[in-house]
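Asks: show me the folded form of this:
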Amino acid sequence: MLAAAVYGFGSVICHQKGERSFHLFAEQLPVCARCTGLYVGAAVVAVPYLFRIRRPWSAALPGSAHVRWLLLAASLPAVLSIAWEWGTGEVPSNAVRAMTGAIAGGAVARVILDALAGSARPARK
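Replies: A predicted model of the protein is given here:
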């Protein structure tokens, strides 16, 4: 019953095409390779926050223009791989799709977690 719920939720947020998904123990994961990359990338960035390990970056992101550029740059590999696929008909490997998702997922997690960390800081006087 839990598996049905997980795959049902996955179908709401992902196309779940078998040829574009990783398989574990002969079972298709509930989301495609790119979505898997999004979640893995976000998790990799979130681990230092969860365990309060010093992050490789020293401060929260500055203004919203910087955040927009970061998110745009991080989503560019996924956009380019989709454009390549649509333009040539060649489908990138699941590993490539996952890597493009991981870059975007990590960037989104960083922005969200830095914003949350910034909102938890006491105001300067």
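Asks: A117: how many residues sit nearby?
Replies: Neighbouring residues of A117 were enumerated by other C-beta atoms under 10 Å; the total is 13. Where you see a C-beta, it was placed from the backbone N, CA and C, and this is true even at glycine.
Asks: return the set of buried residues in the helix or strand hosting it.
Replies: Here A117, judged by DSSP states H and E, is contained in helix 94-120. Taking 16 or more other C-beta atoms under 10 Å as the neighbour-count basis, helix 94-120 is seen to contain the buried residues 94, 96-111, 113-114.
Asks: tell me what that helix is packed against?
Replies: Other elements packing on helix 94-120 under the criterion 3 or more C-beta pairs under 8 Å, 6 or more residues apart in numbering; DSSP states H and E are helix 33-50, helix 64-88.
Asks: contacts for the longest one?
Replies: Spelled out, it's helix 64-88. Outside of helix 64-88, the residues within contact range by C-beta atoms under 8 Å, 6 or more residues apart in numbering are 34, 61, 90-92, 96-97, 99-101, 103-104, 106-108, 110-111.
Asks: deepest of the helices and strands packed on helix 94-120, which one?
Replies: When these are scored by mean count of other C-beta atoms under 10 Å, the highest mean neighbour count falls to helix 33-50 (a mean of 18).
Asks: identify all contacting residues around that one.
Replies: Surrounding helix 33-50, the residues in contact under the criterion C-beta under 8 Å, 6+ apart are 10, 13-14, 20-22, 29, 31, 53-56, 78, 94-95, 97-110, 113, 117.
Asks: that one to helix 94-120, inter-axis angle?
Replies: Taking axes from the mean of the first three to the mean of the last three C-alpha atoms, to 10 degrees, one finds helix 33-50 and helix 94-120 inclined to each other by 30 degrees.
Asks: thinking again about what came up before, TSV for the helices and strands packed on helix 94-120, including mean pLDDT and distance to M1?
Replies: Converted to TSV, the helices and strands packed on helix 94-120 look like this (pLDDT from 0 to 100; distance: least, C-beta to C-beta, whole Å):
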stretch	mean pLDDT	distance to M1
helix 33-50	92	22
helix 64-88	93	33
